[in-house]
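A.B. asks: dropping a prediction and its sequence here:
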Protein chains: 2
Amino acid sequence: MQPTTLEKQLGFLREIDRLKSVVRQSPLLDKSRKENSAEHSWHLAMYALILNEHACGAVNTDRVMRMLLLHDVVEIDVGDFPIHGGSSSELQAEQESKAAERLFGLLPSEQADEFLSLWQEFERAESEDAKFAKALDRFQPLLINIFTGGGTWAENGVSLEQVLSRYGPVIQRGAPQLWAVCEQWVTRHFSEQASGAGKGAEHKGGA
Amino acid sequence: MQPTTLEKQLGFLREIDRLKSVVRQSPLLDKSRKENSAEHSWHLAMYALILNEHACGAVNTDRVMRMLLLHDVVEIDVGDFPIHGGSSSELQAEQESKAAERLFGLLPSEQADEFLSLWQEFERAESEDAKFAKALDRFQPLLINIFTGGGTWAENGVSLEQVLSRYGPVIQRGAPQLWAVCEQWVTRHFSEQASGAGKGAEHKGGA
């Protein structure tokens, strides 16, 4: 017997429960544990809802939120590729693409096509919505590192130049006002690290 | 110096990171741990996105998603009140209301008003959007219990009649088609429990 529309939808909603067990590199702000990709996706949707006025172009906030809610679902099959992990982006793209087809393919065909297409738009990062979504996806972990006194940068020996080059272009492109603020934080963070003043210290001011 | 708009927004986004540490009664589907309220909110937004065609009335899916993303933020201050916990709903409502004012009050005033009002609409459960959002907020933990062979029902000695009365009216009101399916699952679950056939068994079929 073919599964009904509702059965397919519930099959998908059941499968994506596993995103709650995909662990990211970034910690929670209280450093009690690492963040998982499901709660990260929730937080990013809230970022889009709150910060939409800082987008570079004219964005549709609801589309950006939808993109961010489903952008990491592929990690159920392929895991999280950390920004400072040095993995091959070509291999990653290929694996994620297969994962997207399998996972969204659990849905009734119309929804499968819709979500696959939205995910591909996010990955291409060309539309205004996707550029802003991508910017937030870089902005949130940067903020975690600032708020926790270094976070994954300290763990991975990442330099000021690497931070500027790995986060800068994407945030600048989708949300230049946010990048202007980031640059100040990042520069201050690394200058405090260099002078020893920032050792173990956490960013308290500003936000 | 007064905080800027962006500083207020980031202050709120920073504060709500704590929702990731509010632990609910329901487990993940693989039973590895309990679910937290941030990832629960993500999952519910996905439920709204996928299941909107099963809403009772004409709903605006994006508004429903927004409601569900922020509906539990108050738990940062007051914790999760479990459905089978027997707590006073009047006291709960008062505490949650204060929490909503404090938390949304961290935002710039226009956004604070907007989100407070959306949260209040959800709590009142009168609009079509709120009725559907409330239905999903009951449907998701019911589904977890079905998928995990009893979950919080078994832990709390909850009877078939209690399940029908605690979940039924809310799901029925916002998503009657979903409730029709729930009734079948729940009845089957308790009849299997009674016959001993369902002991430790998990629901595999259907969805």
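C.D. replies: Received the coordinates, thanks. Quick caveat, the model's predicted, so the values are computed rather than measured.
A.B. asks: let me see the contact set for residue A:159.
C.D. replies: residue A:190 (CB atoms under 8 Å, 6 or more residues apart in numbering or on different chains). For the C-beta atoms, the positions are set from N, CA and C on the backbone; glycine is no exception.
A.B. asks: gap between it and chain B?
C.D. replies: The spacing between residue A:159 and chain B, counted by CB to the nearest CB, to the nearest Å, is 25 Å.
A.B. asks: just residue A:161 next, same as before
C.D. replies: Computed as CB to the nearest CB, the residue A:161 to chain B distance reads 25 Å.
A.B. asks: residue A:30 too?
C.D. replies: On the measure of CB to the nearest CB, residue A:30 and chain B end up 7 Å apart.
A.B. asks: ok, residue A:70 next?
C.D. replies: For residue A:70, the distance to chain B (CB to the nearest CB) stands at 7 Å.
A.B. asks: now do residue A:26
C.D. replies: As judged by CB to the nearest CB, residue A:26 and chain B stand 11 Å apart.
A.B. asks: same check, this time on residue A:16
C.D. replies: From residue A:16 across to chain B, the span is 7 Å (CB to the nearest CB).
A.B. asks: and residue A:4, by the same measure?
C.D. replies: 9 Å.
A.B. asks: got it, and residue A:61?
C.D. replies: Distance of residue A:61 to chain B, given as CB to the nearest CB: 8 Å.
A.B. asks: burial measure for that residue, as a count.
C.D. replies: 19 (other CB atoms under 10 Å in any protein chain shown).
A.B. asks: go on, residue A:108?
C.D. replies: 18.
A.B. asks: thought it was touching residue A:7?
C.D. replies: No. Counting by CB atoms under 8 Å, residue A:108 does not reach residue A:7; the two are 9.6 Å apart.
A.B. asks: for the residue nearest the centre of chain A, what are its contacts?
C.D. replies: When CA atoms, centre = their mean is applied to chain A, the residue found nearest the centroid is residue A:137 (3.1 Å). Counting by CB under 8 Å, 6+ apart, residue A:137 touches A:44, A:68, A:71, A:170.
A.B. asks: the residues you listed in helices, which ones?
C.D. replies: Among those, DSSP state H puts A:44, A:68, A:170 in helices.
A.B. asks: so who does the closest residue to the second one other than its chain neighbours touch?
C.D. replies: What that stands for is residue A:68. Using CB to CB, 6 or more residues apart in numbering or on different chains and skipping residues adjacent in sequence, the residue nearest residue A:68 is residue A:44, 4.2 Å away. Residues in contact with residue A:44, defined by CB under 8 Å, 6+ apart, are A:68-69, A:71, A:133, A:136-137, A:140.
A.B. asks: which ones are touching residue A:118?
C.D. replies: When contacts are taken as CB under 8 Å, 6+ apart, residue A:118 is in contact with A:63, A:66-67, A:70.
A.B. asks: where's it, which helix or strand?
C.D. replies: Taking DSSP states H and E as the criterion, residue A:118 maps to helix A:109-124.
A.B. asks: same check, this time on residue A:26
C.D. replies: strand A:23-27.
A.B. asks: what's that strand packed up against?
C.D. replies: strand A:34-36, helix A:37-51, helix A:128-147, helix A:151-156 (3 or more CB pairs under 8 Å, 6 or more residues apart in numbering or on different chains; DSSP states H and E).
A.B. asks: would CSV of the ones you listed with mean pLDDT be doable?
C.D. replies: Below are the helices and strands packed on strand A:23-27 laid out as CSV (pLDDT from 0 to 100):
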stretch, mean pLDDT
strand A:34-36, 97
helix A:37-51, 98
helix A:128-147, 96
helix A:151-156, 79
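A.B. asks: quick one: residues contacting the closest residue to residue A:47 other than its chain neighbours.
C.D. replies: Take residue A:47 and drop its neighbours on the chain: the residue closest to it by CB to CB, 6+ apart is residue A:136, 4.7 Å away. By CB under 8 Å, 6+ apart, the residues touching residue A:136 are A:44, A:47-48, A:51, A:64, A:68, A:174-175.
A.B. asks: between those residues, which has the most around it?
C.D. replies: By neighbour count, taken as other CB under 10 Å, the most surrounded of the contacts of residue A:136 turns out to be residue A:64 (30 neighbours).
A.B. asks: can you list contacts of the helix or strand where it lies?
C.D. replies: Per DSSP H and E: residue A:64 is located in helix A:61-70. Where contact means CB under 8 Å, 6+ apart, the residues beyond helix A:61-70 that reach it are A:41-42, A:44-45, A:47-49, A:52, A:55, A:115, A:118-119, A:121-122, A:129-130, A:132-133, A:136-137, B:42, B:45-46, B:49, B:62, B:65-66, B:69.
A.B. asks: show me what the helix or strand bottoming out on mean pLDDT in chain A is packed against.
C.D. replies: Sorting the helices and strands of chain A by mean pLDDT, DSSP states H and E puts helix A:151-156 at the bottom, at a mean of 79. Here helix A:151-156 touches strand A:23-27, helix A:128-147, going by 3+ CB pairs under 8 Å, 6+ apart.
A.B. asks: okay, residue A:165 and residue B:53: tell me how far apart.
C.D. replies: 45 Å (CB to CB, to the nearest Å).
A.B. asks: who has more neighbours out of these two?
C.D. replies: Shown here are residue A:165 and residue B:53; by other CB under 10 Å, residue B:53 has more neighbours (14 against 10).
A.B. asks: nearest residue to residue A:172 other than its sequence neighbours?
C.D. replies: That would be residue A:179: by CB to CB, 6+ apart, it lies 4.3 Å from residue A:172.
A.B. asks: and the pLDDT at that neighbour?
C.D. replies: If you check residue A:179, the pLDDT there is 97.
A.B. asks: before we move on, what about the one 5 residues further on?
C.D. replies: Predicted confidence (pLDDT) for residue A:184: 94.
A.B. asks: ok, now residue A:198?
C.D. replies: For residue A:198, the model assigns a pLDDT of 49.
A.B. asks: with residue A:207 instead?
C.D. replies: Note for residue A:207: predicted pLDDT of 38.
A.B. asks: if we can go back for a sec, which residues touch the strand holding residue A:26?
C.D. replies: By CB under 8 Å, 6+ apart, the residues outside strand A:23-27 that reach it are A:33-37, A:40, A:80, A:82-85, A:141, A:144-145, A:148, A:151-152, A:155.
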